[in-house]
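[1] prediction below, plus the sequence it came from.
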Amino acid sequence: MHSPPLFTLALSLTAALAAPAVHARPSAELNSTVSGNYTVTQGATRSQLEISESDALGAPVSATASKYGVGFDAHAQLDNTALSAFAATTIAGATGSASAQALTRLTDFITFSGGSGMGTASLTALLTGTLTGNQTGTAGYQLDIALYDVSDIGGSVSLSNPLWLVTDTRSSGGRQMLTVDDSFTSSFDFEYGKQYGIVASFSVNAADGGVADFSNTTSFAMAAAPSVRLHSLAGVDYGITAAVPEPASYAMLLAGLGLMGLIAHRRR
C-alpha cells in the first residue's frame, strides 16, 4: 500500500527543515533512534517501562526489555545508504500491552561535477523485509526519499517550495502478515556545480505482538555516466565516485608537500 508521496513527503521535509520560507541552510545529519514501552499486570502487580535511545551519527542503537512475558525489542542503524530498522513486541502469559519503534534518517547536501551544463542520473531504492501481525498485534513501515533543488537567494536558502527531482513515499501497516520485496528507480536531470538536498527516512513500528523486520535490507544508490563525480557534505557514498579535488586544491597540496620537503632538507 503506497501513501500519496508528495503530501506525506512534503510534511516530512517541512518538519525536517523547519518553518520559515527563507532561512539558513540546515546542516547534514545522520541519525538512528529507537524506543519501546510496555505496561503489564501480573496478579496485584502492575509494571510500566519506557526506553529510548538515539545516536547522532547513525550508529547502532537498541532498546530491549520484558517482564512477565510482555516486552519489546527495537534496533536501528544507518550505515552509509543502508537503513536498518527492526521492531518486535511480545504478549504472553500476562495482561498488558507493548510497542516499539525504530527510525533511521539521513539529511545531506550533494553537488555533481565532472561536466558542465545539465546531466542525467538515477536513484534506485531497494526495500525488503517482513511485517507480522496477528489478532491483536500490528506492524508497519514507512520509507520517504526526496531529492530537491536548493536555490541560493541572497545568501540564504528557499526551502518552502523546492523543485523536486525525486520524491517517493512507501508505507504499509496493520495486522496482516506481509513480505515486502520492492524496488523503484527514478531518473532525474541535474545541473553541474549546483547543490541539491537529499532526505531519506525509514521507520518501522510494532505493537502488542507484532513484528516489523527490516534489518539491513533497505538501501538506495545513484548511478550516472562514468565521468560524473559527486561531492557529499556528510561524506556519504551514493555509488557515484567521489569528486576529485579542484585544481586549486591540488596546487595547495603540492605546495604543502614542497614545504614539508624543504623543512626536512634543512633539518638534515
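    Everything's here; your move. From a predicted model like this one, the values you see are computed outputs, not experimental measurements. Numbering: from 1, shown residues only.

[2] isn't Val199 up against Trp164?
    No: in this structure, Val199 is not within contact of Trp164 by CB atoms under 8 Å, at 11.1 Å. (C-beta placed from N, C-alpha, C; glycine too.)

[3] those two: which is more packed in?
    Shown here are Val199 and Trp164; by other CB atoms under 10 Å, Val199 has more neighbours (20 against 16).

[4] may I have the helix or strand containing that one as PDB, with CA atoms only?
    In the assignment (DSSP states H and E), Val199 maps to strand 195-207. What follows is strand 195-207 as a C-alpha-only set of coordinates in PDB (Å, rounded to 0.1, in the frame of the first residue of the first chain):
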ATOM      1  CA  GLN A 195      23.800  22.000  -4.800                       C
ATOM      2  CA  TYR A 196      20.900  19.600  -4.100                       C
ATOM      3  CA  GLY A 197      19.400  18.400  -0.900                       C
ATOM      4  CA  ILE A 198      18.500  14.800  -0.100                       C
ATOM      5  CA  VAL A 199      16.400  13.400   2.700                       C
ATOM      6  CA  ALA A 200      15.900   9.600   3.300                       C
ATOM      7  CA  SER A 201      13.900   8.400   6.300                       C
ATOM      8  CA  PHE A 202      12.900   4.800   7.100                       C
ATOM      9  CA  SER A 203      10.800   3.900  10.200                       C
ATOM     10  CA  VAL A 204       9.100   0.700  11.500                       C
ATOM     11  CA  ASN A 205       6.700   0.200  14.300                       C
ATOM     12  CA  ALA A 206       5.200  -2.800  16.100                       C
ATOM     13  CA  ALA A 207       2.600  -3.300  18.900                       C
END
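
[5] paired strands for the helix or strand following it, with orientation please.
    With elements assigned by DSSP H and E, the helix or strand that comes after strand 195-207 is strand 211-224. Strand partners for strand 211-224, identified by DSSP bridges, are recorded as strand 82-91 (antiparallel), strand 118-132 (antiparallel).

[6] which helix or strand lies directly C-terminal to the last one?
    Tracing the chain C-terminally past strand 118-132 and defining elements by DSSP H and E, one meets strand 138-149 next.

[7] which strands or helices does that following strand pack on?
    helix 5-17, strand 82-91, strand 118-132, strand 164-174, strand 195-207, strand 211-224 (3 or more CB pairs under 8 Å, 6 or more residues apart in numbering; DSSP states H and E).

[8] how about these, which one is nearest Gln101?
    Smallest distance to Gln101 across the helices and strands packed on strand 138-149 (CB to CB): 4.8 Å, for strand 195-207.

[9] still on that earlier bit, if you average pLDDT over each of the helices and strands packed on strand 138-149, which is lowest?
    Lowest mean pLDDT within those: helix 5-17, at a mean of 42.

[10] same list, the strands paired with strand 211-224, but as CSV with distance to Arg46 please.
    Formatted as CSV, the strands paired with strand 211-224 follow (distance: least, CB to CB, whole Å):
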stretch, distance to Arg46
strand 82-91, 15
strand 118-132, 28
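
[11] ok so, going back, tabulate the helices and strands packed on strand 138-149 (JSON lines), appending distance to Gly140.
    Formatted as JSON lines, those follow (distance: least, CB to CB, whole Å):
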{"stretch": "helix 5-17", "distance to Gly140": "14"}
{"stretch": "strand 82-91", "distance to Gly140": "9"}
{"stretch": "strand 118-132", "distance to Gly140": "7"}
{"stretch": "strand 164-174", "distance to Gly140": "2"}
{"stretch": "strand 195-207", "distance to Gly140": "5"}
{"stretch": "strand 211-224", "distance to Gly140": "6"}
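
[12] cool, thanks, signing off.
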